[in-house]
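> Quick one, structure for this:
(one chain, ligands or ions: 1)
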Amino acid sequence: MNFTPALIDQMHPLTLKGELSPEILGFNETTAKATKPIWAELLVVKEDEGNYLVTGWAQVPVSLTCGRCAEWFPMTLRAKVEHLFEAPVPNSIDLTPLIREDVLLELPLNAVCQLGANGRCPVTGEFYQPRPEASDSLVGEDVWEALSKLKTKD
Ligand SMILES: [Zn+2]
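Got it, this is the predicted structure:
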């Protein structure tokens, strides 16, 4: 997805809408895969100083492997796109690598499927305990335990 800055003037922003191949994401298909195209809707505005501002969003439905049950689960990555190209700009600007980066940043670091209210995994049907919260009392216990160890060394 690219645009030609010379064809855009300040009175007429350019709307870019279209699909990008999911292959640009470069997923390894073991932890993430995308089979449907990335859909992007962008607005290119020429600013006073000859800069170009591209804003909009891109989204793609993907499948990720759950870190808890190791099954595939669906998720939609939706990325905000905002890039400023400062003058002097090239004759043609390719937005594809930037959109790719924006979408990849939306990948969760620890992908897990959303458990039902009762802790049931929607994919496997198994029940899981809710994730233990790091509560103050637990932290406190650790501190006291560490302190008591220090004392016994004395
Ligand atoms: Zn799961």
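
> Run a quick neighbour tally on V54.
The number of residues packed near V54 is 20, by other CB atoms under 10 Å. From N, CA and C alone the C-beta is placed, and that goes for glycine too.

> Surely it touches E47?
No: counting by CB atoms under 8 Å, V54 sits too far from E47 to count as a contact (11.1 Å).

> Can I take it that E101 is in a helix?
Yes: counting by DSSP: H, G, I helix; E, B strand; the rest coil, E101 is located in a helix.

> got a pLDDT number for it?
In the prediction, the pLDDT value recorded for E101 is 97.

> Nearest spatial neighbour of the residue nearest to the spatial centre of the chain, chain-adjacent residues omitted?
Central residue of the chain (CA atoms, centre = their mean): E106, 0.5 Å from the mean position. Excluding the flanking residues, the one nearest E106 by CB to CB, 6 or more residues apart in numbering is L77, at 4.3 Å.

> for this structure, what spans make up the strands?
2-3, 14-20, 32-33, 38-46, 52-65, 72-85, 93-94 (DSSP state E).

> ok so, going back, what residues does the residue nearest to the centre of the chain make contact with?
L77, R78, A79 (CB atoms under 8 Å, 6 or more residues apart in numbering).

> of those residues, list those near the ion.
Near the ion, judged by CB under 5 Å from the ion, there are no entries from these.

> coming back round to it: tabulate the strands of the chain (a markdown table), appending mean pLDDT and distance to V112.
Formatted as a markdown table, the strands of the chain follow (pLDDT from 0 to 100; distance: least, CB to CB, whole Å):
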| stretch | mean pLDDT | distance to V112 |
| --- | --- | --- |
| strand 2-3 | 95 | 36 |
| strand 14-20 | 97 | 27 |
| strand 32-33 | 94 | 13 |
| strand 38-46 | 98 | 23 |
| strand 52-65 | 97 | 9 |
| strand 72-85 | 96 | 8 |
| strand 93-94 | 97 | 35 |
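
> Select, out of these, the one closest to A111.
Nearest to A111, of all those, is strand 52-65, at 4.2 Å by CB to CB.
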